[in-house]
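Engineer: I would like the atomic coordinates for the input below:
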Amino acid sequence: NKLWYVVQHAGENFGLGKGTRHRPTRVNRGWTALVKRDPLGAARALLDCCRSFADHGYFLTDFIASQFAVKGSTVSLIDAPPALSG
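Structural biologist: Purely as a prediction, here's the structure:
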């Protein structure tokens, strides 16, 4: 059993698809607009998101667009990674 709780609305899914040849990733309009308007800000938002969990001992190994959400210029992880082992 898993317990899920929501702390805030994080925005739209980053995109859909698995990133494979048969199921390519299609990013949402919000992310596309942010990249066009502020490419460095978009890159920074994605890195800040990854840093927010990596700095606390979590490591994401299976990046899939649907695990992330975009709201304005903020990228959030909506599918938590497991803790680092070892």
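Engineer: From Phe53, how far off is Phe59?
Structural biologist: Applying Cβ to Cβ, to the nearest Å, the value for Phe59 to Phe53 is 8 Å. (Glycine included, C-beta is placed from N, CA and C.)
Engineer: typed the wrong thing, it's Asn13
Structural biologist: According to Cβ to Cβ, Asn13 stands 18 Å off from Phe53.
Engineer: Phe59 and Phe53: which is more packed in?
Structural biologist: The residue with more neighbours, out of Phe59 and Phe53, is Phe53; 15 against 12, by other Cβ atoms under 10 Å.
Engineer: and the gap between that one and Leu40?
Structural biologist: When distance is defined by Cβ to Cβ, Phe53 is 22 Å away from Leu40.
Engineer: Kindly report the same for Phe63.
Structural biologist: Distance check for Phe63 against Leu40: by Cβ to Cβ, it reads 20 Å.
Engineer: Also Arg26?
Structural biologist: With Cβ to Cβ as the criterion, Arg26 and Leu40 are 23 Å apart.
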